[in-house]
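1. got a sequence here, can you model it:
(chains A and B)
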Amino acid sequence: DAGITQSPRHKVTETGTPVTLRCHQTENHRYMYWYRQDPGHGLRLIHYSYGVKDTDKGEVSDGYSVSRSKTEDFLLTLESATSSQTSVYFCAITEVPGQGNSRGYTFGSGTRLTVV
Amino acid sequence: QKEVEQNSGPLSVPEGAIASLNCTYSDRGSQSFFWYRQYSGKSPELIMFIYSNGDKEDGRFTAQLNKASQYVSLLIRDSQPSDSATYLCAVNFYGQNFVFGPGTRLSVLP
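-> Prediction:
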């Protein structure tokens, strides 16, 4: 999607290894999010950021950490990958969450992570 | 815990028919409602949003909101095979993060 890119697009890693996924935006949006998407569960929020160095946990944050040292970059780290973290990971950005937001979230293209 | 529910489907409709997708939510204070379309292997893309009770139309799409009954629906008129996708409902409460439903898979049969 224009203005937001995720890397890598695909990754296979071994159980117990650390993994870092990157989300990069050129829209200068304040809010950035990491979701995972699994069959039957839809999109579940892992962590989000509301500014540089300002982050908070979502509903499925265990085993994940994030960092945001620049407005444009939001990193998601799996500290010690497990098979249950095999999923598709989406990054999303928005200007303002909630009422008054007519654009919703813009999503990146996703990262397909397989933990073996 | 705020919850958003959708029938997972698949919902199958013939080409040219009206597809009706429904979403219910648990938090009566929810304020804004979004519908996303997601093609297989792709990322979600915004179709429509609605804030006020009633209907909102955009081309072949109509979003309907009933806050008293806590449901929001999406109607797709003159359905086309290209509308075959998973449709995600997203609900927001007081500026907090969106909560997404699990999605309804729509199949439009030629």
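2. pull up the residues of chain B that are close to chain A.
-> When proximity is defined by CB under 8 Å from any CB of the partner chain, chain B lies next to chain A at B:8, B:31-32, B:34, B:36, B:42-46, B:49, B:51, B:88, B:90, B:92-98, B:100-103. Bear in mind the C-beta positions are built from the backbone N, C-alpha and C, glycine included.
3. could I have the buried ones of those residues as PyMOL selection syntax?
-> One line in PyMOL is enough to select the buried members of the residues of chain B next to chain A, burial here meaning 16 or more other CB atoms under 10 Å in any protein chain shown:
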select buried, chain B and resi 31+32+34+36+43+44+46+49+88+90+92+93+97+98+100+101+102+103
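4. so which of the residues of chain B next to chain A are in helices?
-> Secondary structure assignment (DSSP state H) places none of the residues of chain B next to chain A within helices.
5. what about A:P39, distance to chain B?
-> Relative to chain B, A:P39 is positioned 9 Å away (CB to the nearest CB, to the nearest Å).
6. sorry, wrong one. I was asking about A:E79.
-> To chain B, A:E79 is 23 Å away according to CB to the nearest CB.
7. wait, that residue touches A:Y64, no?
-> Yes: A:E79 is within contact range of A:Y64, at 7.4 Å (criterion: CB atoms under 8 Å).
8. these two: who's more crowded?
-> Residue environment comparison for A:E79 versus A:Y64 gives the larger neighbour count to A:Y64, 20 against 14, counting by other CB atoms under 10 Å in any protein chain shown.
9. quick one: pLDDT of the residue lying closest to the more buried one once chain neighbours are set aside?
-> Taking CB to CB, 6 or more residues apart in numbering or on different chains as the measure, A:Y64 lies nearest to A:I46, with 5.2 Å between them; neighbours along the chain are not counted. In this prediction, A:I46 carries a pLDDT score of 96.
10. what lies in contact with the helix or strand where A:I46 lies?
-> Using DSSP states H and E, the secondary-structure element containing A:I46 is strand A:42-51. By CB atoms under 8 Å, 6 or more residues apart in numbering or on different chains, the list of residues contacting strand A:42-51 from outside reads A:30-38, A:55-61, A:64-66, A:68, A:71, A:74, A:76, A:89-90, B:44, B:88, B:97, B:100-103.
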